[in-house]
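# Sequence first, predicted model second:
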Amino acid sequence: MDKRANSICSFRLLYDNINSIFLSYGGDIDEDWNGAYNCALNMNWRDGRKIIFHICDANAHGSLFGTNTKHENENNKLIETIKIVAKRNIEVFGLNIVGGATKSFTNFHNYYKDYLGKS
């Protein structure tokens, strides 16, 4: 089996290895998902299939996606960013480390599927 196929078959191994890393956390709880996705959207993408691998251990800013109400202005910003990601048909694969981003991944998925492929 070539290395590429072996890598794909080892996704569970990747997950287990990443999930075993000790996280000391920064005390900031939720993360700036909107900023991260905007960085990806502003990259110089080549034509063809576009994929984002999102590995995280914490929810996004804003109470729609996380538990912190400190960044409520981020809720609508992230929804708009998700619309762009979906409309551009960028595939997103999320790896939820230690279950810390379940709410965000669930809500991201719901918004994403609503806008997938729509112009």
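Arrived safely, thanks for sending. Bear in mind that the values here come from a model prediction, so they are computed numbers and not experimental data.

# what's around residue 48, how many residues?
Residue 48 has 6 neighbours, counted by other Cβ atoms under 10 Å. All C-beta atoms are positioned from the backbone trio N, CA, C, and that covers glycine.

# can you give me the helices in this structure?
With DSSP state H as the criterion, the chain has helices at 3-9, 11-19, 33-41, 74-87, 102-115.

# closest one to residue 94 among the ones you listed?
Comparing the helices of the chain by their distance to residue 94 (Cβ to Cβ), the top pick is helix 102-115, with 4.8 Å.

# quick one: low-confidence parts of the protein?
1-9, 11, 23-28, 119 (pLDDT under 70).

# one step back: identify whichever of the helices of the chain lies nearest to residue 95.
Of the helices of the chain, nearest to residue 95 by Cβ to Cβ is helix 11-19, at 6.1 Å.

# show me the residues around the residue nearest to residue 60 when sequence neighbours are not counted that make contact.
Distances taken as Cβ to Cβ, 6 or more residues apart in numbering place residue 33 nearest to residue 60, at 3.6 Å, with adjacent residues excluded. Contacts for residue 33 (Cβ atoms under 8 Å, 6 or more residues apart in numbering) come out as 54, 56, 60-61, 65, 78, 104, 108.

# Distance to residue 94 for the helices of the chain - can I get that in CSV?
Converted to CSV, these look like this (distance: least, Cβ to Cβ, whole Å):
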stretch, distance to residue 94
helix 3-9, 17
helix 11-19, 11
helix 33-41, 10
helix 74-87, 12
helix 102-115, 5
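
# now residue 47: how far from residue 88?
12 Å (Cβ to Cβ, to the nearest Å).

# Likewise for residue 10?
Applying Cβ to Cβ, the value for residue 10 to residue 88 is 28 Å.

# bridging residues for the most centrally placed residue in the chain?
By Cα atoms, centre = their mean, the chain has its centre lying nearest to residue 54, at 4.0 Å. Beta-bridge pairing of residue 54 under DSSP bridges involves residue 94.
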